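Asker: Okay, predicted coordinates and the sequence, questions at the end:
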Amino acid sequence: MQVNTYGLDLAGWTLTGAVAVSADGSTVVGYGTGPSGAQEGWIAVIPRPNVQIAIEQQPIALNSPPIPVAVLGSSTVDVTQIDVTTLHFGPKGATAVSTQIVSATGQVNLVVSFNVQDTGLAIRDTQGCLQGTIGGEFF
Amino acid sequence: MRKLIYTLLCLAISATALPAASRAASFVGLGVPTGGSGSNFSNALGVSADSSVVVGGVNSPNLTQAFRWTAGGGMIGLGLLPGGSFSFATGVSANGSVVLGDLNDSASGIQGQETFIWDPILG
């Protein structure tokens, strides 16, 4: 299990099996050998990354310059841990054409640009999706 | 996979936060009954979709009982049928209100096994 990655205190535990998971994937339950030496059930809560993004308004056209999408860092989101090769944007899952770490008001953000024609976005589209991983976790 | 959604046509910078839980990471052992001959154990076998309820079985020697666990109420045993020696909760509904599992009673015997459904009103 990757629970050690999240700073969980597993001292004295040997995790044997993970049996079930909640719908959002944040809670996993199972059993193992606990500190007492007996078989014991456990509950691990591993919150999903709480990532925010932002974009400046711009009209969508095929000859538009690449769309910059900012992934906002925070006290709980270290954007330097984002694997930029996993980023996909829009219905066609465009990959990044450029990335840049930007510091603003003491906060470190990641600005990622995508070619409009690669995104699959159309003129009347009002929503898009950004997917990727941070610290090995999907967002 | 969780996705981020933003609006392209708004007038200013827009941002949408993931609805992900902001809970801190945690690891909790459910505990094991004390006393007896040392074969006590507990198992977590199911969790509700909303993470509010965990179910499973907890054993003190020769007696295994289904349980329902919540953060606020801890582990609550769901009981046994008359003459029964074990019950195990193996699944729970999305909101945690209904538990299902297996048990035996005096008629089915130690090797027998029947399915049960438990809810907080009917038991």
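Answerer: Great, that's in hand.

Asker: Which stretches in chain A count as strands?
Answerer: Under the criterion DSSP state E, chain A carries strands at the ranges A:14-21, A:27-33, A:39-45, A:52-55, A:67-72, A:82-89, A:98-104, A:107-114, A:127-134, A:137-138.

Asker: Then chain B?
Answerer: With strands called from DSSP E, chain B shows them at B:4-7, B:14-17, B:26-29, B:41-47, B:53-60, B:63-70, B:74-79, B:87-92, B:99-103, B:114-118.

Asker: Give me the domain ranges for chain A.
Answerer: Structural domains of chain A, as assigned by automatic domain parsing, span the residue ranges A:3-45, A:52-138.

Asker: rank those domains by pLDDT, which is bottom?
Answerer: For the domains of chain A, the bottom mean pLDDT is recorded on domain A:52-138, which sits at a mean of 84.

Asker: Please name the bridge partners of A:Asp83.
Answerer: On DSSP bridges, the residues paired with A:Asp83 through beta bridges are A:Thr133.

Asker: An error on my part: the question was meant for A:Ile53.
Answerer: Listed beta-bridge partners, A:Ile53: A:Val71, B:Thr16 (assigned using DSSP bridges).

Asker: these two touch, right, it and A:Val71?
Answerer: Yes: here A:Ile53 reaches A:Val71: they are 5.3 Å apart, a contact under Cβ atoms under 8 Å. Any C-beta I mention is one placed from the backbone N, CA and C, and that applies to glycine too.

Asker: What count of nearby residues applies to residue 95?
Answerer: You didn't say which chain, so I picked chain A. A total of 16 residues lie near A:Thr95 under the criterion other Cβ atoms under 10 Å in any protein chain shown.

Asker: That was the other one, I meant chain B.
Answerer: 11.

Asker: quick one on the thing from earlier: now the strands of chain B in CSV, with mean pLDDT and mean neighbour count?
Answerer: Formatted as CSV, those follow (pLDDT from 0 to 100; neighbours: other Cβ atoms under 10 Å in any protein chain shown):
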stretch, mean pLDDT, mean neighbour count
strand B:4-7, 30, 16
strand B:14-17, 29, 14
strand B:26-29, 91, 18
strand B:41-47, 94, 24
strand B:53-60, 92, 24
strand B:63-70, 92, 22
strand B:74-79, 90, 14
strand B:87-92, 93, 22
strand B:99-103, 92, 21
strand B:114-118, 84, 15
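
Asker: want to throw the ones you listed into TSV with distance to A:Leu130?
Answerer: Compiled in TSV, those are given as follows (distance: least, Cβ to Cβ, whole Å):
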stretch	distance to A:Leu130
strand B:4-7	5
strand B:14-17	10
strand B:26-29	28
strand B:41-47	29
strand B:53-60	33
strand B:63-70	35
strand B:74-79	40
strand B:87-92	33
strand B:99-103	39
strand B:114-118	42
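
Asker: Quick one: closest of the ones you listed to A:Gly25.
Answerer: strand B:41-47 (10.8 Å; Cβ to Cβ).

Asker: what pairs with that closest one, and is each one parallel or antiparallel?
Answerer: Sheet pairing of strand B:41-47 (DSSP bridges) gives strand B:53-60 (antiparallel).

Asker: For stretch B:116-123, list the C-alpha coordinates in CSV.
Answerer: The C-alpha trace of stretch B:116-123 is given here as CSV (Å, rounded to 0.1, in the frame of the first residue of the first chain):
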residue,chain,number,x,y,z
PHE,B,116,-28.9,-11.4,6.9
ILE,B,117,-29.9,-7.8,6.2
TRP,B,118,-29.8,-5.3,9.1
ASP,B,119,-31.1,-1.8,9.4
PRO,B,120,-31.3,0.5,12.4
ILE,B,121,-35.1,0.3,12.6
LEU,B,122,-35.8,-3.4,12.2
GLY,B,123,-32.5,-4.7,13.4
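
Asker: roughly how far is that stretch from the heart of the chain?
Answerer: Taking Cα atoms, centre = their mean, to the nearest Å, the mean C-alpha location of stretch B:116-123 is offset from the chain mean by 14 Å.

Asker: Done for today, thanks.
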